[in-house]
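Participant: Okay, structure incoming, though there's no sequence with it:
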């Protein structure tokens, strides 16, 4: 990998975007997307990120013997999304030296790219068999970072 | 078991009732409980039935090596439930000679016991390890029926 | 409209297909899409149909003064969908002389086009202001049918 | 109100607890309650709080001409809840001089009262008709605080 591409994919800027069409069943009685639905949108963004930058999905990580449960989640709501709207979910990998996976999210309303919500999530590694927390960064995650030139 | 109790718990009338308070997040933009939510209410009723008449839950059945997936579901909607309403879910076991589990459901609005919805479900037995359909009634289910005097 | 196109869009065969990527949050502890999720998939299909053949959505119908609540729903489950699968939802308009909207659904697993589930829904017309049932076919629906050459 | 009861219901300690039985449909493929479900649990706690300390529900507030959308939400996950568990949701009102409604939440696993999750939410006041943000504390909220001796 050349120095240039290293600059492009720098430490903390692996980013992926997906589109999500708001579903009728996601809208509450105030006619806006119910605030809990954004947790799904973040997860959709995170899973799509994991597929795009191969090997960071629930499924593939489980085959390495780990679960990656969410331990912290923050959501900030800016403007409501409505039925008929399309959301753009931007998921950004945040590097950390700790044995954690951090993401930041921005949800845009596609029609005018206004920011509808932002958020952050923290995941840890637990052993799929025992459920115990792993305090050291698992090898597969170190390898994954190296592959994407994240230090 | 005496003859009397046999009359009380007759072949097809094992019935159980639970109360469910409607959640805000279950109400749609027309201000009534979204129709898909009733699938959860039925499941809540069915699971409570399984606990009441011990041994007919997903968990306990899985420990016998079986899954009991839903293969057919029917819902009839009579009157809408609203935020603030309490639903009574009545779950009734329907006996069958086939290797199937059948339930009927009635959802009442507690305030006036008006029928809000009715429904039916059919479950089959699959082997938890292979996923294959079991065409004969598993022993645990025959035992369960005998225990409750269902022929 | 020529005779040919009339044949293509015949009485009961207005059909629309959409793709839905299964979400992690839609999968249950048996690692398959939870059976209640298909109600959302049907609704997604129905709403996409309504947009495709303009004017049969919750929103547009409400602006005509009507709600179109689901009064009957049937689901048949054939094979389970899993996380990572993509579903194709086919929604087909079924003509009726009654003041009802009928749809049939087929959900395919995209990878091999195996039928994962089928279903049917019935909707009626109620007045958005009073909640009362409308027993006659509203003018906008008659117009909609005429526009698509459905008799 | 006597001095004693004032001490009991002091400025920031209006607290309410509810029980929630974990539903099968809330459990994900890792066999624990899916992390997004806690947003519902918080809302259930908040709505029950609003009913207990009358007049702080979506419905009643709307009749005063306001919506109270969530603008910020934080969740910390400690131990997973499983199917069959019962959750105790503790909702605590946090006083603020700003035109905001703040709550803190603790979710306990009933069997051993271990803390399963904690969280915080912030709501603002918007005008139900225009959607505009209200920067001053509405009269009904000032009245509500006075009624519960919150300064």
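Facilitator: Cool, got the structure. Every value quoted in this text rests on a predicted model; they were computed, and no experiment measured them. Numbering: from 1, shown residues only, chains lettered A, B, ... in the order given.
Participant: Could you list the low-pLDDT ranges of chain A?
Facilitator: The model of chain A has pLDDT under 70 over residues A:1-12.
Participant: Go through it and flag its longest strand.
Facilitator: strand A:114-127 (DSSP state E).
Participant: how about the strands in chain A?
Facilitator: Along chain A, counting by DSSP E, strands occupy A:15-21, A:66-67, A:70-77, A:86-94, A:100-109, A:114-127, A:133-134.
Participant: Give the other helices and strands that the first one contacts.
Facilitator: Right, strand A:15-21. Under the contact definition 3 or more C-beta pairs under 8 Å, 6 or more residues apart in numbering or on different chains; DSSP states H and E, strand A:15-21 sits against helix A:37-52, strand A:86-94. All C-beta atoms are positioned from the backbone trio N, CA, C, and that covers glycine.
Participant: JSON lines for these, including mean neighbour count and distance to residue C:103?
Facilitator: Output for these, formatted as JSON lines (neighbours: other C-beta atoms under 10 Å in any protein chain shown; distance: least, C-beta to C-beta, whole Å):
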{"stretch": "helix A:37-52", "mean neighbour count": "22", "distance to residue C:103": "24"}
{"stretch": "strand A:86-94", "mean neighbour count": "20", "distance to residue C:103": "24"}
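Participant: for the spatially closest residue to residue A:106 that is not a sequence neighbour, what are its contacts?
Facilitator: Spatial nearest neighbour of residue A:106, excluding adjacent residues (C-beta to C-beta, 6 or more residues apart in numbering or on different chains): residue A:90 at 4.4 Å. Neighbour list for residue A:90: A:15-17, A:45, A:105-108 [criterion: C-beta atoms under 8 Å, 6 or more residues apart in numbering or on different chains].
Participant: Please repeat the previous calculation with a cut-off of 7 Å.
Facilitator: Contacts here follow C-beta atoms under 7 Å, 6 or more residues apart in numbering or on different chains; on that basis residue A:90 touches A:15, A:17, A:105-106.
Participant: what residues are up against the spatially most central residue of chain A?
Facilitator: Centroid-nearest residue in chain A: residue A:46, 2.9 Å away (criterion: C-alpha atoms, centre = their mean). Residue A:46 makes contact with A:91, A:103, according to C-beta under 7 Å, 6+ apart.
Participant: Contact residues of chain A facing chain D?
Facilitator: A:30, A:35-36, A:39-40, A:67, A:69-77 (C-beta under 7 Å from any C-beta of the partner chain).
Participant: rerun at 6 Å
Facilitator: By C-beta under 6 Å from any C-beta of the partner chain, the part of chain A that sits against chain D consists of A:30, A:35-36, A:39-40, A:67, A:70-77.
Participant: Minimum distance to residue B:125: which of the helices and strands packed on strand A:15-21 has it?
Facilitator: Taking C-beta to C-beta, helix A:37-52 is the member of the helices and strands packed on strand A:15-21 nearest to residue B:125, at 31.9 Å.
Participant: Make CSV from the helices and strands packed on strand A:15-21 and add distance to residue A:101 to it.
Facilitator: CSV is the format used below for the helices and strands packed on strand A:15-21 (distance: least, C-beta to C-beta, whole Å):
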stretch, distance to residue A:101
helix A:37-52, 9
strand A:86-94, 8
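Participant: can you tell which of these is closest to residue C:21?
Facilitator: Nearest to residue C:21 among the helices and strands packed on strand A:15-21 is helix A:37-52 (8.2 Å), distances taken as C-beta to C-beta.
Participant: Now do residue A:147 against residue A:53, distance only.
Facilitator: Between residue A:147 and residue A:53 the computed distance is 8 Å (C-beta to C-beta, to the nearest Å).
Participant: and these two? which has more neighbours close in?
Facilitator: The neighbour count for residue A:147 versus residue A:53, taken as other C-beta atoms under 10 Å in any protein chain shown, is higher for residue A:53 (18 against 12).
Participant: Now for the spatially most distant residue from the centre of chain A: which residues touch it?
Facilitator: The C-alpha centroid of chain A is most remote from residue A:29, which lies 28.0 Å away (C-alpha atoms, centre = their mean). Contacts for residue A:29 (C-beta atoms under 6 Å, 6 or more residues apart in numbering or on different chains) come out as B:27, B:31.
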